[in-house]
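>>> quick one: sequence and predicted model below, then my questions.
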Amino acid sequence: MQINLDDLYTAKDASILLGKNPSYVKILHNKTPEKLPKGQYRKIGRELIITKDGIERLRREIQK
């Protein structure tokens, strides 16, 4: 199985796509990780990576 890197974003990029402060997703992960969609993000070293689907789920949660 091959990974599609086009569907992966850093926490900073995801935050910007959500129209939030660049540190929004990272702070969300540090303070309330249960709010991030399970299986849609991963911490690799010091970098938090989130999928495009994960960003869309967060977007729907923010709009509620």
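Ah, there it is. Numbering: from 1, shown residues only.
>>> which SS class is residue 39?
Taking DSSP: H, G, I helix; E, B strand; the rest coil as the rule, one finds residue 39 in the coil state.
>>> burial of it, as a residue count?
The tally of other residues near residue 39 (other C-beta atoms under 10 Å) stands at 9. (Glycine included, C-beta is placed from N, CA and C.)
>>> relative to residue 19, how far out is it?
Between residue 39 and residue 19 the distance, using C-beta to C-beta, to the nearest Å, works out to 24 Å.
>>> so where is the protein shaky, pLDDT-wise?
Along the chain, the parts satisfying pLDDT under 70 run over 1-3.
>>> quick one, helices of it?
In the chain, the helices defined using DSSP state H lie at 11-17, 24-31, 52-63.
>>> so which of those comes closest to residue 45?
Minimum separation from residue 45 across those (C-beta to C-beta) falls at helix 11-17, 12.5 Å.
>>> next one: that closest one to chain centre, how far?
The chain centre lies 7 Å from the centre of helix 11-17; the measure is C-alpha atoms, centre = their mean, to the nearest Å.
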